[in-house]
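> please work out how this folds:
(one chain, ligands or ions: 1)
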Amino acid sequence: MTDIILATENLVKSYAGSDRPAINGLSLQVDRGQIFGLLGPNGAGKTTTISILCTLLQPSSGSATILGHDVVRQATEVRRNIGLVPQDIALYGSLTARENLRYFARIYKISAKLIEERINECLQLAELQDCADRRVSTYSGGMKRRANLAAGILHQPEILFLDEPTVGIDAQSRNLILERLVELNHQGVTLIYTTHYMEEAQQICDQVAIVDGGQMIACGHPTQLVNDSPGCGNLEGLFLQLTGKQLRDRVE
Ligand SMILES: Nc1ncnc2c1ncn2[C@@H]1O[C@H](COP(=O)(O)OP(=O)(O)OP(=O)(O)O)[C@@H](O)[C@H]1O
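Predicted coordinates for the structure are as follows:
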């Protein structure tokens, strides 16, 4: 029997002043223990969806629940169980990684007895223990992304949201982050993550949803989706087949 940990039903979000919804009737289900990839071209609605699920934005209509808690009415319960690794680095550059993590540990209300132990575990996971006392502003892009991950998992969330956690970094940091995500998943953490790297999604996801224009256009196991669409070869081929080759970054 499957255990649904996250569900959205007909989710819609319209930003004020925008002539079309950023998400438009999105219904998703994520099972406990999955690595779920939310894929889509620029502007498809991925960050908006994650922001609603993390209780940072309110939907215009529809509903979303996490562990049975409604993300609008029971936002406090939802926040207790989730972690977020946002697309923009959410760290103070003038503080060291250790100081940043101490700051987040207090926000998460981690007990004083456990704080240093937990910080050391997260620094080690991100392979930052040797530079933990350097200011984050001196870090490379890959180190900043790894520190961002450490901050998102400090409080041991059951569900971890990651918005493009490997964007713009070298192959070594990317590989380390992916390995760590798979390890966290093996320890029982459900992962919901966005990426533009299709080979990465094909490598680690149990399920992917491809969205475009705020609507779901395909959902399933990546290999199954590829096998069901002869001629596309891999997930990137399927993605281009479904979303088209027209550029999405033109100014409207
Ligand atoms: N605060 C906002 N106000 C108005 N429109 C917004 C706002 N945030 C996002 N949008 C619009 O909503 C749509 C979906 O944006 P969103 O950032 O969710 O897409 P995305 O799939 O995460 O894109 P990307 O891959 O570029 O990060 C886009 O058309 C975007 O311009």
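
> C-alpha only now, for contacts and for neighbours.
Fine.

> grab the nearest non-local neighbour of Ile66.
Of all residues not flanking Ile66 in the chain, Leu6 sits nearest, at 4.5 Å (CA to CA, 6 or more residues apart in numbering).

> tell me where the stretch 151-252 of the chain has helices.
Per DSSP state H, counting those that start in this stretch, the stretch 151-252 of the chain carries helices over the ranges 171-186, 198-204, 222-227, 235-243.

> need those in TSV with mean pLDDT, distance to Gly25 and mean neighbour count, can you?
Formatted as TSV, the helices of the stretch 151-252 of the chain follow (pLDDT from 0 to 100; distance: least, CA to CA, whole Å; neighbours: other CA atoms under 10 Å):
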stretch	mean pLDDT	distance to Gly25	mean neighbour count
helix 171-186	96	29	16
helix 198-204	95	24	17
helix 222-227	96	22	18
helix 235-243	95	18	17
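
> now render those as a markdown table, adding distance to Ile66.
Compiled in a markdown table, those are given as follows (distance: least, CA to CA, whole Å):
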| stretch | distance to Ile66 |
| --- | --- |
| helix 171-186 | 17 |
| helix 198-204 | 22 |
| helix 222-227 | 24 |
| helix 235-243 | 28 |
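
> could I get the ones you listed as TSV with distance to the ligand?
Formatted as TSV, the helices of the stretch 151-252 of the chain follow (distance: least, CA to the nearest ligand atom, whole Å):
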stretch	distance to the ligand
helix 171-186	18
helix 198-204	13
helix 222-227	19
helix 235-243	12
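
> can you list the residues of the stretch 1-150 of the chain near the ligand?
For the stretch 1-150 of the chain, the residues in contact with the ligand (CA under 6 Å from any ligand atom) are Tyr15, Ala22, Gly40, Pro41, Asn42, Gly43, Ala44, Gly45, Lys46, Thr47, Thr48.

> so who does the third one touch?
In this structure, Gly40 makes contact with Lys46, His196, Ile210, Val211, Asp212, Thr243, judged by CA atoms under 8 Å, 6 or more residues apart in numbering.
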